[in-house]
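Visitor: here is the input, now give the coordinates:
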Amino acid sequence: MKLKYAGRILGVLGLVILASSTITFIIGAPLSLVVGKVILAGFFFATYAITNWGDLGASASSRGTFFFGVSALGALLVVGLLGMGNYIVHHKPKSWDLTKAQIHTLSPDTLKTLDGLKQEVTVLAFFGSGEPSYEALSDLFRRYGERSPHFKYEFVDPIRDPMRVEQYGIRDGGPRVVVKLGATESRFQELSEESLTNAIVKVTHSATKKLYFTTGHGEADFEDQGPGGLSGVVQRMSNEGLVPAKLNLAAAAQIPKDAEAIVVAGPVKPFQPGESDVVRRYLEAGGKAFLMLEPSVESGLELLLEDFNVQAEDATVIDPVSRLFGASEAIPVVQSYNQASEITRDFTLNTVFPTARPLTVLHGGASKAVASPLALTMPSAWGETDLTAPEVK
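Guide: Below you'll find the predicted structure:
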């Protein structure tokens, strides 16, 4: 009789061990541990069968055994579902941003950068766990890591690991986050998503690209830190591995071969025909140009634009609705963007264009170029040709 009771106890233990082996398998434990549990459970079941052989036939046909079996299967199912849920939470973590402003959601640029990672990028943050910025940085790194398996990060406590502080040349008041890809690294001081993403772009695009800014026609200067200068723009360019250079077309027979693109930033004097021809040949060969032409200024590039099916109107964009946004009617507010273009696909915010010049897409010309607008004013806007009139119409 004692053997029967002992066998029944071992049978129950076998059932428990078999259920736990299911969980062990789901959470990804070593296969040898799972197999060991199954073998042990089988041994206990066999012991139960041997010691209770005479009662198995009678108990198998009883109603109590039936309900016991159903209960056992239900318990195994619940245990299995709990184990699967634990596996999903552990290996496939998912979070939801329920804040109204989506403050915990990564920007489209960041998502695109992370999705494009092909090699492992490592971030070293020299912050102790007690510092105010630690939790915010940890949360930001976690979200990056959830998006891409190629993003790795590590916190280094400057007090506990002074040797690594010295190795990376970390100084008080200087950058304390290092982004590495192989031997290439980038550092940043402003602790923000934008800074982190820009640093990743820098190390993944280590080959610099040159943008040539034309000179000699009164264009805005990228070295000018004043209100009309482009120094702030150039700083953002450098975050993406773009290097500015100056180009005087009067002394150049062609655009340099290392040019990623050329920039014409608001000339106040016209380009000469020979200079315009240099730009035309460059564009016809597949080059890229960013032309910023002010209204009421003859740039000498109008015919060039028409060759590519774009007409620069001799007018200024006026939109009285801009007053509702606290701006002048000569500063149109744009809300509509070309979602088919990679340049403006993710634009969702309002943008303003002070003293904008209207552009018209031409059709039916001899050129095979396809012109597509990137930004459209509101229907209330028009091109004004006479700003000196008593009432702008």
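Visitor: which residue is the nearest non-sequential neighbour of residue 347?
Guide: residue 337 (4.2 Å; Cβ to Cβ, 6 or more residues apart in numbering). C-beta here means a position set from N, CA and C on the backbone, and glycine is covered the same way.
Visitor: my guess is that neighbour contacts residue 349. True?
Guide: No - proximity of residue 337 to residue 349 does not meet the contact threshold set by Cβ atoms under 8 Å, at 9.8 Å.
Visitor: thinking again about what came up before, in the sheet, who's paired with the residue nearest to residue 347?
Guide: Per DSSP bridges, the residues bridged to residue 337 are residue 375.
Visitor: hang on, the earlier thing: more neighbours, residue 337 and residue 349?
Guide: For residue 337 versus residue 349, the count of surrounding residues by other Cβ atoms under 10 Å is larger for residue 337: 19 against 7.
Visitor: okay, the more buried one: pLDDT?
Guide: Residue-level confidence at residue 337 comes out at 92, pLDDT.
Visitor: look up how far residue 246 lies from it.
Guide: Going from residue 337 to residue 246 by Cβ to Cβ, to the nearest Å gives 31 Å.
Visitor: residue 306 too?
Guide: Using Cβ to Cβ, one obtains 27 Å as the distance from residue 306 to residue 246.
Visitor: likewise for residue 379?
Guide: Residue 379 sits 40 Å away from residue 246, going by Cβ to Cβ.
Visitor: more neighbours: which of these two?
Guide: Neighbours of residue 379 and residue 246, each counted by other Cβ under 10 Å, are more numerous for residue 246; the result is 13 against 9.
Visitor: I'd say that one and residue 212 touch.
Guide: Yes - the pair residue 246 / residue 212 is scored as a contact, 7.2 Å apart, by Cβ under 8 Å.
Visitor: any common contacting residues for the two?
Guide: With contacts taken as Cβ atoms under 8 Å, 6 or more residues apart in numbering, not a single residue reaches both residue 246 and residue 212.
Visitor: following the lowest-mean-pLDDT helix or strand in the chain, which helix or strand comes up?
Guide: The weakest-scoring helix or strand in the chain, judged by mean pLDDT, DSSP states H and E, is helix 63-91 (a mean of 54). Sequence-wise, the next helix or strand beyond helix 63-91 is helix 108-115, with elements assigned using DSSP states H and E.
Visitor: list the buried ones in that following helix?
Guide: For helix 108-115, the neighbour count (16 or more other Cβ atoms under 10 Å) marks 110, 111, 113, 114 as buried.
Visitor: what about residue 254, how many residues close to it?
Guide: Using other Cβ under 10 Å, residue 254 has 11 neighbouring residues.
Visitor: check contacts around residue 257.
Guide: Taking Cβ under 8 Å, 6+ apart as the definition of contact, residue 257 has no neighbours.
Visitor: before we move on, what about the one 4 residues further on?
Guide: Contact partners of residue 261, counting by Cβ under 8 Å, 6+ apart, are 211, 212, 287, 288, 289, 290.
Visitor: and if we set it to 6 Å?
Guide: 211, 288 (Cβ atoms under 6 Å, 6 or more residues apart in numbering).
Visitor: secondary structure element for it, which one?
Guide: strand 259-265.
Visitor: for the buried residues of helix 108-115, which one is nearest residue 187?
Guide: Closest approach to residue 187 among the buried residues of helix 108-115 (Cβ to Cβ): residue 113, at 17.3 Å.
Visitor: so residue 210 makes contact with residue 258?
Guide: Yes - using Cβ atoms under 6 Å, residue 210 is in contact with residue 258, at 5.3 Å.
Visitor: between the two, which one's more packed in?
Guide: Neighbours per residue, other Cβ under 10 Å: of residue 210 and residue 258, the larger number sits with residue 210, 16 against 11.
Visitor: what about the more buried one, which SS state?
Guide: Remark: residue 210 carries the secondary structure label strand [criterion: DSSP: H, G, I helix; E, B strand; the rest coil].
Visitor: for residue 253, see how far away the residue most central in space within the chain is.
Guide: Central residue of the chain (Cα atoms, centre = their mean): residue 110, 1.4 Å from the mean position. With distances taken as Cβ to Cβ, residue 110 is found 42 Å from residue 253.
Visitor: same check, this time on residue 202
Guide: Applying Cβ to Cβ, the value for residue 202 to residue 253 is 33 Å.
Visitor: who has more neighbours out of these two?
Guide: Neighbour totals were compared for residue 202 and residue 253, and residue 202 leads with 21 against 8 (other Cβ under 10 Å).
Visitor: nearest residue to the more buried one other than its sequence neighbours?
Guide: Computed as Cβ to Cβ, 6+ apart, the closest residue to residue 202 that is not its neighbour in sequence is residue 186, at 4.1 Å.
Visitor: nothing else from me, thank you.
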